[in-house]
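*Asks:* need a structure here:
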Amino acid sequence: MTELKHEEHQHRSLFGPIVLIAIGLFFLFSQLNPVTDLHWLDVLRLWPLMLVFLGLNILVLQAPRPYSAYLSGLIAVIAVLVFGYVLLNGLGGRWWGSRSSQAIGDWQTDTIQFAAPGVETAVYNITIGPPGADLYALEDSRNLIEGTVFYQDDYLFETGASGSKATVRLAPQEDAETWVFWPNYWRDYGEANRWQVGLSPRVLAALTVETVAGVAHLDLQGLQLSSLTATTNAAESELLLPGGDYDATLVNNATSTAITLPADGRHAMDLQVNAGAVTLHLPPGMAARVEVDHALGSFTASNPALQPVPGEENVWQTVGYAAAVDRIDLTIHINVGSVAMD
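*Replies:* Model prediction:
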């Protein structure tokens, strides 16, 4: 029994402990001697590289003992050196170069609204930064968009209309979302409220929405959608999808997301999980076919209406799907993370 425990101990990966120690030491030193010019956004742009390191770590753990542990530690050290270098130097310059830390002002609040009488369609492009947002369908309003935003320094709000089509762009100031990854400013979260943004249910909308940080409650029920692209990054999100006929692309990056699927209509949906956990809620009576492609992730279906399709691997389907008027064709790609469907 002693020998078995010793062998299992040798099989353990050193990747996690070394990376956690490096992160802990960085935050410790940043409190004792803060460094102002750090390239957090450049580090975030390289997040797929961390998946590569994780994959390499899994591969080397298949090597004979004790080489697996040594190789795992070596990969961790390389990962720390690469991301540490980018943090200090950025992707295009030196840490003492022209890029400087962003000055952060006090939290401010502003009211936004845009009305375009006569338009029938709208293209919305919305980026939600810190501290998060509530997005919902408007009631008793003739505006295409209205609400309240909280910001530091500035934000972007661009609108236009041509003929029967309108365009709306709402986002934090360009590169302003990068400050959320700077630890010295985390305490400022308590000084602001989440954005409150309503969209018109009267027009057919092509909606692109991305969450950068904070908590996002995206209640799109009541909207008329022609298409949807929703991306969540480092934000806890809840997404409620409306009925109607439209296609959707959903991307989950390093976050926890709960998605309530449409209760009616025909939909082709693609869900990509790069990291994190996603919970899918299938409304009662809605037909669905689910195809899953997973690398390092997992998929579980606890909904009794969803059954494995005989002869097809990683495919689930509700009874009567083929003849159903209202149904969802859902393709799930799990790179790292988990998806649960109930």
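
*Asks:* look at stretch 268-282 and report the distance between its end residues.
*Replies:* Across stretch 268-282, the terminal residues are separated by 14 Å (C-alpha to C-alpha, to the nearest Å).

*Asks:* how about that stretch: buried residues?
*Replies:* In terms of neighbour count (16 or more other C-beta atoms under 10 Å), stretch 268-282 has its buried residues at 269, 271, 272, 273, 274, 275, 276, 277, 278, 280, 282. (Glycine included, C-beta is placed from N, CA and C.)

*Asks:* roughly how far does the fourth one sit from residue 252?
*Replies:* Meaning residue 273. 5 Å (C-beta to C-beta, to the nearest Å).

*Asks:* now for these two: what residues contact both?
*Replies:* Taking C-beta atoms under 8 Å, 6 or more residues apart in numbering as the criterion, residue 273 and residue 252 both touch residue 337.

*Asks:* what sits against residue 18?
*Replies:* Listed by C-beta under 8 Å, 6+ apart, the contact partners of residue 18 are 73, 76, 77, 80.

*Asks:* give the buried residues for whichever strand or helix holds the first one.
*Replies:* When secondary structure is defined by DSSP states H and E, residue 73 falls within helix 67-89. In terms of neighbour count (16+ other C-beta under 10 Å), helix 67-89 has its buried residues at 68-69, 71-76, 79-80, 83, 86-87, 89.

*Asks:* go on, stretch 292-306?
*Replies:* Buried-residue list, stretch 292-306, by 16+ other C-beta under 10 Å: 292, 294, 297, 299, 301, 303, 305, 306.

*Asks:* taking these together, which two end up most distant?
*Replies:* Using C-beta to C-beta, the two most remote members of the buried residues of stretch 292-306 are 297 and 305, lying 22.8 Å apart.

*Asks:* just the element for residue 280, please.
*Replies:* Here residue 280 is assigned to strand 276-281, by DSSP H and E.

*Asks:* and the angle for the very next helix or strand once past that strand with strand 276-281?
*Replies:* Next along the chain after strand 276-281, taking DSSP H and E as the criterion, comes strand 287-294. Counting by axes from the mean of the first three to the mean of the last three C-alpha atoms, to 10 degrees, strand 287-294 lies at 170 degrees to strand 276-281.

*Asks:* show me what strand 287-294 is packed up against.
*Replies:* On a contact count with 3 or more C-beta pairs under 8 Å, 6 or more residues apart in numbering; DSSP states H and E, strand 287-294 meets strand 315-318, strand 327-334.

*Asks:* buried ones in the shortest one?
*Replies:* To tie it back to what came earlier, the one meant is strand 315-318. Here strand 315-318 shows 316, 317, 318 as buried, counting by 16+ other C-beta under 10 Å.

*Asks:* likewise the last one?
*Replies:* By neighbour count, with 16+ other C-beta under 10 Å as the criterion, the buried positions of strand 327-334 are 327, 328, 329, 330, 332, 333, 334.

*Asks:* show me what the helix or strand just after that strand is in contact with.
*Replies:* Remark: after strand 327-334, the chain's next helix or strand is strand 338-341, criterion DSSP H and E. For strand 338-341, contacts defined as C-beta under 8 Å, 6+ apart pick out 271, 273, 277-282, 290, 292, 297-303, 306, 316, 332.

*Asks:* do that again at 10 Å, thanks
*Replies:* Strand 338-341 is contacted by residues 252, 257-259, 261, 271, 273, 276-282, 288, 290, 292, 294, 297-303, 306, 316, 330, 332-333 when judged by C-beta atoms under 10 Å, 6 or more residues apart in numbering.

*Asks:* tell me, what residue is most central in this structure?
*Replies:* residue 232 (2.0 Å; C-alpha atoms, centre = their mean).

*Asks:* ok, that residue touching residue 337?
*Replies:* No: with contact defined as C-beta atoms under 10 Å, residue 232 does not count as touching residue 337 (11.8 Å).

*Asks:* still on that earlier bit, and the helix holding residue 73, how far from the chain's centre?
*Replies:* 25 Å (C-alpha atoms, centre = their mean, to the nearest Å).

*Asks:* tell me the strands beside the helix or strand just after it, with direction?
*Replies:* Sequence order places strand 107-114 as the next helix or strand after helix 67-89, per DSSP H and E. When pairing is defined by DSSP bridges, strand 107-114 lines up against strand 145-152 (antiparallel).

*Asks:* quick one: mean pLDDT over the strand it pairs with.
*Replies:* Average pLDDT, strand 145-152: 91.

*Asks:* what residues does the helix or strand just after that strand touch?
*Replies:* With elements assigned by DSSP H and E, the helix or strand that comes after strand 145-152 is strand 155-162. Residues from elsewhere that reach strand 155-162 (C-beta under 10 Å, 6+ apart): 108, 110, 112-119, 122-123, 125, 127, 129, 144-145, 149, 166-174, 176, 195.

*Asks:* just the ones of the residues you listed in strands?
*Replies:* Of those, the ones assigned to strands by DSSP state E are 108, 110, 112-114, 122-123, 125, 127, 145, 149, 166-172, 195.
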